[in-house]
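Q: can't give you the sequence, but here's the structure:
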């Protein structure tokens, strides 16, 4: 029988439409502006008193909240007015201090029943919904000081290897002073330095019976250091953002020593801020032997017990920079641990040192640079200022039972600390310490007014298409409009399912697919009219119209799909967003224009005698 789909095909089309509606539905629920409070130290708790004090503080400052909800050590305050989000964050952060991280957030409002089915809204790009903006500054002075310190330790070893006897090696304001007993030894040292360390600018000085060489790092080398620090920090931040699972992030250099990080649609901004800003690293050192000089040792507290201390050698075996992989796990007793893999250089040094230190204890020192907010009076106004504080604490002190190689484990951590440490080491250490200069929400980059005008033009254009199709093709035009609307639902549901990020170029891709979907129906309807003009029966005209137009529609869409795939492969950022929506739109438009519209027309005309079709141009 002409123009009758079997029951299973109708049910299949209906099932696809119902599922599409379900998975597109979360986009009807816009998120709430919120602030999120998390303890700065992993594993710490958030007490009921602190939450109550924050409620009171917000109320006293006229900041109305919709609700607050606690999940583990995090509490989320949903605000009634999104314009007060920045003010709420500043007020609470100042009250709580640096022991807590107060971050901006967009709290989802999707109903639980949709979430239980795995449905969620699309992630909107910065140009549509905005996001969180961090401006981070690299502490170049601290970095250059650390590099000079590394040079001092390296020169000690190299001069010993060359049998060049020196009195002492000191650091003086980013310069290294080498002292020798006479001019002949100093000349020998200068020849060695000229050969091996061309990056130094040397200056000879004599103080009494001391013959000195003052080494300064050349300007060219300083610039190389700065470029390396920025590039390494960019790589590390990108790795950390990838670990957080943020879609379409922006991480780029700004000026000489700053990095901009923009996170669109991020849910856990407190965790993002904690992970991005933490300049954590490890140092592996041997415990000082009894009677060791105070000049070659340092005393540190334990991270788990600040009243317990141990004295360690100043010499560092290796650092977290040598870590190639780090995974959190549990030992045979169920206690958290971090499994560490070192690179070849770090593994060789670890083997060399531990082979001679069996039965001695080795410490794992956790090095963390933490921001601390202080307030200064600037022109009569109390202004917050961020300073960096270096905190070093022992997380493990264990006896070396046998020679260690490139793989070993760290114990003595809490579960949350183990996971966080593994993430930081896995994503790479920051080459130079960083601190947050600015944090703010990012409005749509093209401006809310321009976006609203763009959306209005899309709605107006879509409305004109719908009216034109009904006017030109009567009932068939109405069927095409229904298929067109479901086409949009299908595109949105697919993008929501894969977690794609929607940007303005993505909307342009959707608009283009709307035109393509209509174009497919126009081809089909024009073919039906041609068949009617050849005096075919209405049922024959419908069947011939869909069947004969299919090849043309398929060829045109496949060609466009190939172009979209190429765009996705070679493009970046917004270009990829355009390619994704265009690809989905091509696939869904073929489904709605060919299968859905024919199913509806079959339900209207199929299986019965028809004298005339309501398709316009034939009446």
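A: Good, I have the coordinates. Keep in mind it's a predicted model, so treat the numbers as computed, not measured.
Q: I figured residue 461 hits residue 511, correct?
A: Yes. If you go by C-beta atoms under 8 Å, residue 461 and residue 511 touch, sitting 7.3 Å apart. In this view, the C-beta of every residue, glycine as well, is placed from N, C-alpha and C.
Q: Same drill for these two, tell me which one is more crowded.
A: Per other C-beta atoms under 10 Å, whichever of residue 461 and residue 511 has more neighbours is residue 511, with 18 against 13.
Q: residue ranges for the strands of the stretch 401-550 of the chain, please.
A: Remark: strands assigned in the stretch 401-550 of the chain by DSSP state E, counting those that start in this stretch are 407-411, 434-442, 501-502.
Q: Enumerate the positions of stretch 494-501 that are buried.
A: Going by neighbour count (16 or more other C-beta atoms under 10 Å), the buried part of stretch 494-501 is 494, 495, 496, 497, 500, 501.
Q: from those, which is closest to residue 135?
A: When the buried residues of stretch 494-501 are compared for distance to residue 135 (C-beta to C-beta), residue 501 wins out at 22.0 Å.
Q: now the closest one: how far from residue 76?
A: Counting by C-beta to C-beta, to the nearest Å, the gap from residue 501 to residue 76 is 23 Å.
Q: ok, now residue 328?
A: Per C-beta to C-beta, residue 328 is found 25 Å from residue 76.
Q: before we move on, back to that, what about the strands of the stretch 401-550 of the chain, which gets the closest to residue 600?
A: Closest approach to residue 600 among the strands of the stretch 401-550 of the chain (C-beta to C-beta): strand 501-502, 28.4 Å.
Q: number of nearby residues for residue 213?
A: The burial count for residue 213: 20, using other C-beta under 10 Å.
Q: how near is it to residue 221?
A: Taken as C-beta to C-beta, the span from residue 213 to residue 221 is 17 Å.
Q: and the closest residue to residue 316 other than its chain neighbours, what pLDDT?
A: Nearest residue to residue 316, sequence neighbours excluded (C-beta to C-beta, 6 or more residues apart in numbering): residue 283, at 5.1 Å. Per-residue confidence (pLDDT) for residue 283: 87.
Q: Residue 283 contacts residue 368, doesn't it?
A: No. At 11.3 Å, residue 283 does not count as touching residue 368 under the criterion of C-beta under 8 Å.
Q: quick one: contacts for the residue most central in space within the chain?
A: A centroid search over the chain (C-alpha atoms, centre = their mean) returns residue 241, at 2.6 Å, as the residue closest to the centre. Contact partners of residue 241, counting by C-beta atoms under 8 Å, 6 or more residues apart in numbering, are 249, 251, 261, 263, 272, 276.
Q: Would you list the phi and psi of residue 337?
A: Phi and psi for residue 337, reported as degrees, to the nearest 10, are phi -150, psi 160.
Q: who touches it in this structure?
A: Going by C-beta under 8 Å, 6+ apart, residue 337 touches 328, 329, 330, 331, 409, 410, 411, 413, 418.
Q: Show me what it is bridged to.
A: Counting by DSSP bridges, residue 337 is bridged to residue 329, residue 411.
Q: where does it land on pLDDT?
A: pLDDT, residue 337: 82.
Q: Any figure for the gap between it and residue 321?
A: Counting by C-beta to C-beta, the gap from residue 337 to residue 321 is 21 Å.
Q: Kindly report the same for residue 596.
A: Look at residue 596 and residue 321: by C-beta to C-beta, they are 58 Å apart.
Q: Look at those two and report which has more neighbours.
A: A direct count of neighbours by other C-beta under 10 Å for residue 596 and residue 321 places residue 596 higher, at 23 against 17.
Q: per-residue pLDDT, residue 77?
A: 91.
Q: beta partners for it?
A: residue 35, residue 68.
Q: Name the SS class of residue 98, please.
A: Recorded secondary structure, residue 98: helix (DSSP: H, G, I helix; E, B strand; the rest coil).
Q: could you check the distance from it over to residue 137?
A: As judged by C-beta to C-beta, residue 98 and residue 137 stand 17 Å apart.
Q: need the contact list for residue 308.
A: The contact partners of residue 308, taken as C-beta under 8 Å, 6+ apart, are 301, 302.
Q: same thing but 6 Å
A: Taking C-beta atoms under 6 Å, 6 or more residues apart in numbering, we find residue 308 in contact with residue 302.
Q: Measure how buried residue 347 is and give me the count.
A: Neighbours around residue 347, by other C-beta under 10 Å: 19.
Q: that older thread, a markdown table please, covering the strands of the stretch 401-550 of the chain and showing distance to residue 558 and mean pLDDT.
A: Output for the strands of the stretch 401-550 of the chain, formatted as a markdown table (distance: least, C-beta to C-beta, whole Å; pLDDT from 0 to 100):
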| stretch | distance to residue 558 | mean pLDDT |
| --- | --- | --- |
| strand 407-411 | 51 | 77 |
| strand 434-442 | 39 | 74 |
| strand 501-502 | 25 | 76 |
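Q: now, of those, which is deepest in the fold?
A: Comparing the strands of the stretch 401-550 of the chain by mean neighbour count (mean count of other C-beta atoms under 10 Å), strand 501-502 comes out on top with a mean of 26.
Q: ok, it: who's next to it in the sheet?
A: Per DSSP bridges, strand 501-502 is paired in its sheet with strand 123-124 (parallel).
Q: The nearest residue to residue 318 once chain neighbours are set aside: neighbouring residues, count only.
A: If the residues on either side of it in the chain are set aside, residue 318 comes closest to residue 346, at 4.3 Å by C-beta to C-beta, 6+ apart. Residue 346 has 21 neighbours, counted by other C-beta under 10 Å.
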